[in-house]
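In: need a structure here:
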Amino acid sequence: MRVPILRLNARVLLVALGADITDEGVMDFQAALTERAATMQARGVVIDVSALDLIDSFMARVLNDSARMLRLLGAEVVVCGIQPAVAMTLVEMGSRLVDVRTSFTLERALAQLDGLMARALDPPAPGADEPPRHA
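Out: Predicted coordinates:
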């Protein structure tokens, strides 16, 4: 099964994983998403998993790896719609979504992505995090 990848604007992609996605489908999703993100030089990607009622360790790993790949390509990533049962399963399996930001809804994910992309364009000045030095 092919996972549709929607272009929301010039630099943002949206992808929704369906409940019927297979292991082969999730691998195809990963390859297609990273290729599309690289081709259009995406700065942001939202992955909607609200249709997933359950998740196994393989899918969790591929989701995590996909987010890491996208970050290496320069895109901010937000996963939205994690169901309570999926969250419990991830914790029980000891899975951690590293480099993955999460949000309850698609609307919140898009707002979060806007903020992340704005910060990426306007990084703090060197030494901005350091306390002032007194002479």
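
In: Show me what the residue most central in space within the chain is bridged to.
Out: With distances taken as C-alpha atoms, centre = their mean, residue 77 lies nearest the centre of the chain, 3.1 Å away. When bridges are called by DSSP bridges, residue 77 pairs up with residue 45.

In: Over to residue 103?
Out: Here residue 103, judged by DSSP bridges, has bridge partners residue 80.

In: ok, back up a step: and the residue nearest to the centre of the chain, how close does it get to residue 41?
Out: Residue 77 sits 15 Å away from residue 41, going by C-beta to C-beta, to the nearest Å. Any C-beta I mention is one placed from the backbone N, CA and C, and that applies to glycine too.

In: Kindly report the same for residue 110.
Out: Distance from residue 110 to residue 41, by C-beta to C-beta: 19 Å.

In: How about residue 66?
Out: Distance of residue 66 to residue 41, given as C-beta to C-beta: 17 Å.

In: Compare those two and say which one has the larger neighbour count.
Out: Using other C-beta atoms under 10 Å, the more surrounded residue of residue 66 and residue 41 is residue 66, with 24 against 11.

In: so which strand or helix has the closest residue to the more buried one other than its chain neighbours?
Out: Closest residue to residue 66 apart from its sequence neighbours, by C-beta to C-beta, 6 or more residues apart in numbering: residue 30 at 4.7 Å. Assigned by DSSP states H and E, residue 30 falls within helix 23-40.

In: Packing partners of that helix?
Out: Judged by 3 or more C-beta pairs under 8 Å, 6 or more residues apart in numbering; DSSP states H and E, helix 23-40 is in contact with strand 5-9, strand 12-16, helix 57-72.

In: quick one: low-confidence parts of the chain?
Out: Under the criterion pLDDT under 70, the flagged ranges of the chain are 1, 99, 122-135.

In: Please consider this matter closed, and thank you.
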